[in-house]
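J.: one predicted model, sequence on top.
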Amino acid sequence: MYGIILNQQQRSLIKICGLSTEETVDAAIAAGATHIGLVHFEKSPRHISLEDAAKLRRRVPAEVKVVQLLVNADPKLTSQAIATVRPDVIQFHGSETPEWVKIVRKQTGLEVWKAFGLRDQASLESSSRYVGAIDRILFDTPAKALPGGNGVAFDWSLLAGHDHPIPWGLAGGLDTENVTEALKTTNTPLVDVSSGVESAPGVKDVDKIAAFCQAVREFDASR
Ligand SMILES: O=C(O)c1ccccc1N[C@@H]1O[C@H](COP(=O)(O)O)[C@@H](O)[C@H]1O
């Protein structure tokens with residue numbers, strides 16, 4: 001009986017993105033993150049070289065998945081990132097087409113995620129063009145100064161009650177204060193945070209990482 005109840009309890013997936021130091025990678029793992037995100041995009045304050053990403057990747061135990069974030073990377077850079085970092089997941093966060101991400105998925109066998117800027121109901125419908133091409137869609141705020149990582153939330157009610165055809169996740173402006181509301185409104189299976197666990201752009205804060213993960217786990221325990 002007890003086992004059945006435990007099995008029914010939904011455990012949210014938590015991705016902490018834009019990590020760039022050993023200390024913060026270790027903190028995210030200790031706090032219960034299920035996914036660690038590494039950004040390779042030179043315009044981002046969270047950009048790290050592929051060699052540094054590979055070093056951080058080696059600290060991550062098998063039960064925590066490593067997500068390599070790329071933005072409109074060409075085929076050469078995409079293969080270099082995969083060969084050097086050996087991520088579990090590739091997150092495409094630019095204007096990559098369904099055709100391109102499907103090729104990467106087929107040729108590498110890796111899990112492929114696509115970030116999608118959600119503007120309105122019509123854009124939610126148009127996101128279905130990625131069905132069959134990716135393993136997970138990550139709904140985010142439409143691009144601003146950067147394609148992502150701006151710390152700005154979108155209207156989560158767009159996702160309330162939506163019948164999702166593929167696995168998905170929620171990103172954009174999440175933090176410890178709003179993540180419970182975001183989970184309640186959207187019932188998302190995965191939350192993805194970057195700016196919301198920083199003390200300055202690109203500087204992750206270990207206490208904020210711990211508090212964010214605790215808020216998510218408290219929500220999980222309450223449902
Ligand atoms: O983090 C970045 O700098 C970044 C740069 C380019 C594309 C995506 C980026 N981050 C991703 O954006 C979402 C939302 O981030 P935030 O919590 O609003 O800061 C998330 O997937 C980040 O990993």
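T.: Received it, and whenever you're ready, just let me know what you need. Residues are numbered from 1 along each chain as shown.
J.: and the residue nearest to Asp175 when sequence neighbours are not counted, how close does it get to Ala182?
T.: Leaving aside its sequence neighbours, Asp175 sits nearest to Gly196 (CB to CB, 6 or more residues apart in numbering; 3.1 Å). Backbone N, C-alpha and C define where each C-beta goes, glycine included. Per CB to CB, to the nearest Å, Gly196 is found 10 Å from Ala182.
J.: do Ala200 as well
T.: Ala200 sits 23 Å away from Ala182, going by CB to CB.
J.: neighbour count: those two, which is higher?
T.: Ala182 (23 against 9; other CB atoms under 10 Å).
J.: list the contacts for that one?
T.: Listed by CB atoms under 8 Å, 6 or more residues apart in numbering, the contact partners of Ala182 are 153, 156, 170, 174, 188, 191.
J.: number of residues surrounding the fourth one?
T.: Which is Leu174. Residues contacting Leu174 under the criterion other CB under 10 Å number 26.
J.: which parts of the chain are helices?
T.: Applying DSSP state H to the chain gives helices spanning 2-8, 22-31, 50-57, 75-85, 98-108, 121-126, 179-186, 206-222.
J.: list the residues that contact the residue nearest the centre of the chain.
T.: Nearest to the mean C-alpha position of the chain, counting by CA atoms, centre = their mean, stands Asp192 at 4.2 Å. Asp192 makes contact with 15, 17, 35, 37, 138, 140, 169-171, 174, according to CB under 8 Å, 6+ apart.
J.: 6 Å - rerun?
T.: For Asp192, the contacting residues are 15, 17, 169, 171, by CB atoms under 6 Å, 6 or more residues apart in numbering.
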